[in-house]
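Colleague: got a predicted structure plus its sequence, pasted below:
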Amino acid sequence: MAKIQGEIKISDNVIKFKGIKNKNHLIFKENDILVIIDIFNNKVIMKRCTDDYDVLISLILNKTTENKYNIKNVGSVVIKIKTLNLVISEDSIKIKYLVVDSNETFNYQINWRN
């Protein structure tokens with residue numbers, strides 16, 4: 001397990017973070033959001049948690065997946081995510097995905113170093 005530092009580029013915003021990396025598993029905080037990422041050969045699973053919600057997103061290039069968005073004290077909603085771009089390298093991940101239900105696009109670039 002290694003301590004890492006990095007940055008996330010979400011559209012035009014850049015957020016610096018400190019976290020840990022264990023093989024293909026990243027854990028860090030993006031402001032008040034706990035982010036847990038599991039990296040596979042051609043798939044990324046990202047969990048984002050706050051006091052108000054948690055969402056588990058499965059990202060596979062050019063695939064639309066059904067994902068669970070859990071709103072605390074309200075219930076769960078299934079959201080469809082289409083992965084538009086997914087590039088995995090040794091020290092970064094580039095992700096672009098579309099939330100089909102709301103037609104919103106999110107663009108992440110996550111870089112890290114030990």
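Modeller: Looks like it arrived, so ask away.
Colleague: element containing the nearest residue to residue 38 once chain neighbours are set aside?
Modeller: With Cβ to Cβ, 6 or more residues apart in numbering as the criterion, residue 38 has its nearest non-adjacent residue at 4.5 Å, and that residue is residue 45. Every residue, glycine included, has its C-beta placed from N, CA and C. In the assignment (DSSP states H and E), residue 45 maps to strand 43-49.
Colleague: grab the most central residue of the chain for me.
Modeller: residue 46 (4.1 Å; Cα atoms, centre = their mean).
Colleague: what are the bridge partners for it, then?
Modeller: Applying DSSP bridges to residue 46 gives these bridge partners: residue 37, residue 57.
Colleague: what helix or strand does the nearest residue to residue 109 once chain neighbours are set aside sit in?
Modeller: Leaving aside its sequence neighbours, residue 109 sits nearest to residue 9 (Cβ to Cβ, 6+ apart; 4.2 Å). Assigned by DSSP H and E, residue 9 falls within strand 2-10.
Colleague: residues near the residue lying closest to residue 11 once chain neighbours are set aside, how many?
Modeller: Spatial nearest neighbour of residue 11, excluding adjacent residues (Cβ to Cβ, 6+ apart): residue 107 at 5.7 Å. Using other Cβ atoms under 10 Å, residue 107 has 14 other residues around it.
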